[in-house]
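>>> Need a 3D model of the following:
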Amino acid sequence: MIVLKISNAPELVASKLGKLLESLTPDAFDQAAVEAMIIKKMVENLSAEGLKGEIASVKGLQLDGKQLSINPSMHVGHVQSF
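Prediction:
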């Protein structure tokens, strides 16, 4: 299993959409939009390489260095098979 932590979602949205629009959107929306974009690209690339599997967006995991914490309210959001 691979865990990918996106730590610059607001900055990425600001660079793509502009500072004004980014300031009007909540960070949770930014994170979800960036996750959806990354999942889409990863599915395209992994499928092109012949890999099969699933990618999921999970809320409630916290990755800090080699420490992985699980929030009791953890849940799986979007799941995409490839």
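
>>> could you list every residue that touches the nearest residue to residue 40 once chain neighbours are set aside?
The spatial neighbour of residue 40 that comes closest, neighbours along the chain excluded (CB to CB, 6 or more residues apart in numbering), is residue 80 at 7.8 Å. C-betas here are computed from N, CA, C, even on glycine. Contact partners of residue 80, counting by CB atoms under 8 Å, 6 or more residues apart in numbering, are 39-40, 43, 54-56.

>>> Now, these that are in strands?
54-56 (DSSP state E).

>>> Pick the one among those residues closest to residue 48.
Within the ones in strands among the contacts of residue 80, proximity to residue 48 (CB to CB) peaks at residue 55, which comes in at 14.4 Å.

>>> for residue 39, what are its contacts?
With contact taken as CB under 8 Å, 6+ apart, residue 39 is in contact with 55, 57, 78, 80.

>>> top of these by neighbour count?
Comparing the contacts of residue 39 by number of neighbours (other CB atoms under 10 Å), residue 55 comes first, having 18 neighbours.

>>> Could you give the bridge partners of that one?
Using DSSP bridges, the bridge partners assigned to residue 55 are residue 80.

>>> Can you check the pLDDT for it?
Confidence per residue is given as pLDDT, and for residue 55 that number is 93.

>>> if I look at it, how far off is residue 37?
To residue 37, residue 55 is 12 Å away according to CB to CB, to the nearest Å.

>>> Nothing else from me, thank you.
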